[in-house]
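> Give me a 3D structure for the following:
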Amino acid sequence: MRKNNPREFSRDDAAKALATLLGQVSVIKLRHIRSDVPDAVGNIDILAQISVLGRNQTLVCKVVETGEPRPVRAALRKLLDHTAKLAEDATPVIIAPNFSEQAQALCMESDAGFLDLEGNARLFVDEVFIALRSLSHRDLRPASAVAGLESERFEIVAA
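Prediction:
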């Protein structure tokens, strides 16, 4: 359920968005997702155990309140440090209500996945690359310039 402020969301909202994204990819099976990660685990908000083409992987996720560069950079530092201590099958993912282009670039440069509630995602797990991009509601091109374009582009590449 959405709160009054659409930019506010909970770990559960983020976990549902992640599960929805993963459910769209036939070669990924969601084995277990947990949004009640104990504080002892560190700066992790969500842990997702998945199977990609039969191989186990772990998504280690941090939820941030805003997808602006400063909080995303801080979350990435903590998340990457913690993910490095886990098994090599761990993939860091940042989840936010939305991401600025600069914050998306930070995630890409850090080899971290990202997912937002506006329909944007980028995730590389094992041999599967997921890219999802929605047109911004701030897109000011005239309707004639975007006629025939879909509001979302979903791309799955399996090596």
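
> longest single strand anywhere in this structure?
strand 55-63 (DSSP state E).

> Check which helices and strands that one is in contact with.
helix 11-23, strand 46-52, helix 69-85, strand 90-96, strand 121-125 (3 or more CB pairs under 8 Å, 6 or more residues apart in numbering; DSSP states H and E). For every residue, glycine as well, the C-beta is placed using N, CA and C.

> Give me the sheet partners of that strand and which way each runs.
strand 46-52 (antiparallel), strand 90-96 (parallel) (DSSP bridges).

> Between helix 69-85 and the last one, find me the angle.
Relative orientation of strand 90-96 and helix 69-85, computed by axes from the mean of the first three to the mean of the last three CA atoms, to 10 degrees: 160 degrees.

> Give me the contacts around strand 90-96.
14, 17-18, 45-46, 57-67, 72, 75-76, 79-80, 83, 103, 107, 110-117, 123-125 (CB atoms under 8 Å, 6 or more residues apart in numbering).

> Of the residues you listed, select the buried ones using a PyMOL command.
Applying 16 or more other CB atoms under 10 Å to the contacts of strand 90-96, the buried members can be selected in PyMOL as follows:
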select buried, resi 14+17+18+45+46+57+58+59+60+61+62+63+64+67+72+75+76+79+83+103+107+110+112+113+114+115+116+117+123+125
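
> quick one on the thing from earlier: mean neighbour count, the strands paired with strand 55-63: which tops it?
When you average the neighbours per residue for each of these (mean count of other CB atoms under 10 Å), strand 90-96 leads with a mean of 25.

> Quick check: phi and psi at the spatially most central residue of the chain.
In the chain, the C-alpha nearest the mean C-alpha coordinate belongs to Leu115, at 2.5 Å (CA atoms, centre = their mean). With angles defined as degrees, to the nearest 10, Leu115 sits at phi -150, psi 130.

> Identify the residue nearest it in space, chain neighbours excluded?
Residue nearest to Leu115 in three dimensions, not counting chain neighbours: Ala121, with 4.4 Å by CB to CB, 6 or more residues apart in numbering.
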